[in-house]
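Asker: Structure for this input, please:
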Amino acid sequence: LEFPYIQEGFEQMGEDVAVLALNPYDGTPEDVAAFRQTNGYSFTMSKCDARWANMMKIKSYPTTVIIDRYGNICLIHSGMIRSSQELLDMVSYFITDDYQQKFFRSAGEIPAV
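Answerer: Here you go, the predicted model:
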């Protein structure tokens, strides 16, 4: 349900971000590719091993993991993104020139841009 919002936000952010949607449990890589194509999503989607979700200690789906430009995990957000603006609000701080590395425990802690 959140993918249309992610697509819209991804289009607005352009070259500033990369989006990777991972599916650790359902279907095959071919199913994921067909889903992406059928729905017209331009961000990357892939099937992954369930060990990835276990390593990240992901307990619910969907979960959004934000990784900064330095490769550090900055936020693990459990729950659905309910608008493209919510995604933009989550990501905007991390792509500013003033960004300083920090892990946030919730999206509400991220400074407004």
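
Asker: Buried ones in stretch 35-49, by neighbour count?
Answerer: The neighbour-count check on stretch 35-49 (16 or more other Cβ atoms under 10 Å) flags 35-36, 41, 43, 45, 47 as buried. For every residue, glycine as well, the C-beta is placed using N, CA and C.

Asker: quick one: which of those residues is nearest Thr28?
Answerer: Distance to Thr28, by Cβ to Cβ, is smallest for Lys47 among those, at 6.5 Å.

Asker: who's in contact with that closest one?
Answerer: Residues in contact with Lys47, defined by Cβ atoms under 8 Å, 6 or more residues apart in numbering, are 22-24, 27-29, 31-32.

Asker: where exactly do the helices run in this protein?
Answerer: For the chain, helices defined by DSSP state H occupy the ranges 3-13, 29-39, 50-55, 84-92.

Asker: excluding its backbone neighbours, what's nearest the residue positioned nearest the centre of the chain?
Answerer: Nearest to the mean C-alpha position of the chain, by Cα atoms, centre = their mean, lies Thr64 at 4.3 Å. Using Cβ to Cβ, 6 or more residues apart in numbering and skipping the chain neighbours, the partner closest in space to Thr64 is His77 (4.3 Å).

Asker: among the helices of the chain, which is nearest Ile73?
Answerer: Using Cβ to Cβ, the helices of the chain put helix 50-55 closest to Ile73, at 11.1 Å.

Asker: mind exporting the closest one as PDB, just the C-alpha atoms?
Answerer: The C-alpha trace of helix 50-55 is given here as PDB (Å, rounded to 0.1, in the frame of the first residue of the first chain):
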ATOM      1  CA  ALA A  50      15.300 -13.700   5.400                       C
ATOM      2  CA  ARG A  51      18.600 -13.500   7.300                       C
ATOM      3  CA  TRP A  52      18.900  -9.800   6.200                       C
ATOM      4  CA  ALA A  53      15.600  -9.000   8.100                       C
ATOM      5  CA  ASN A  54      16.800 -11.000  11.100                       C
ATOM      6  CA  MET A  55      20.200  -9.200  11.100                       C
END
